[in-house]
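Trainee: next input, structure requested:
(3 chains)
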Amino acid sequence: MARATLAADPLEVAPFLLGKLLVHGRREARIVEVEAYRGESDPASHAYRGRTARNATMFGRAGLLYVYFTYGMHWCANVVCGEQGAAGAVLLRALEPVAGLEEMTAARAARRRPGSALRERDLCRGPGNLTVALGITKQHDGVDLCDPASPVRLLDDGAPVVEAGRVASGPRVGIKRAIDVEWRFWVAGSRYVS
DNA sequence: CTTTGGATCGTCT
DNA sequence: GACGATCCAAAGG
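Mentor: Residues are numbered from 1 along each chain as shown, chains lettered A, B, ... in the order given. Predicted structure coming up:
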């Protein structure tokens, strides 16, 4: 995907990312839910108090993958956006599985109680779940999603979402600061949103 | 369907 | 030393 389209305000990039494809090997999934984090001007952002070892990738160029660890057991994936040094990012919250469903199911099942039911709609539902399904971990922090040689990539197959008027929005979840703004975006009507 | 408690550890105060 | 950009399963309605 073109890097130039990501070098903008996270509030613009977030809805634009809906419908795009995240690819890792044979595993492919379509983005259906995201949240915008505006960096140093956003009290809920990891970058609000400036640059640290953990959030360093957020300060890099647009198109990088920012992966962080939280709650002692979950990895979350973000698309870095904005101008160089702006520390904007878009958190991926839910994806619609497209290809490699067997690999995704195996990866998810390995972390669950044996025999518990796992439906297709839940494979990539939730920020901590989609990274497991796609096999994204700390080692992918800083990977360039726009580089054809990268293991993890962002592709645009032209599926219309914004163009079709299918964008819904609401407050971000799981945060305690800046809960008044509606910076969470999802594909209206999609059963894969969280 | 909703609510609730437990798991688990890197990061920053 | 406290707290997360969370998830799961069990229990109750």
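
Trainee: so where does the closest residue to DNA strand C within chain A fall, helix or strand?
Mentor: Using Cβ to the nearest atom of the strand, the single residue of chain A nearest to DNA strand C is A:G174, 1.7 Å away. Every C-beta, even on glycine, is put in place using the N, C-alpha and C of the backbone. If you go by DSSP states H and E, A:G174 is not part of any helix or strand.

Trainee: distance of the most far-flung residue of chain A relative to its centre from A:I179?
Mentor: If you look at how far each residue of chain A sits from its centre, by Cα atoms, centre = their mean, the farthest one is A:G115, at 28.4 Å. Noted for A:G115: a distance of 38 Å to A:I179, by Cβ to Cβ, to the nearest Å.

Trainee: cool, A:D9 as well?
Mentor: 20 Å.

Trainee: ok, the two, which is more surrounded?
Mentor: A:D9 (15 against 12; other Cβ atoms under 10 Å).

Trainee: residues of chain A that sit close to DNA strand C?
Mentor: A:35, A:37, A:44-47, A:58, A:66, A:70-74, A:76, A:78, A:89, A:91, A:108, A:111-113, A:116, A:122, A:126-129, A:172-176, A:194 (Cβ under 7 Å from any atom of the strand).
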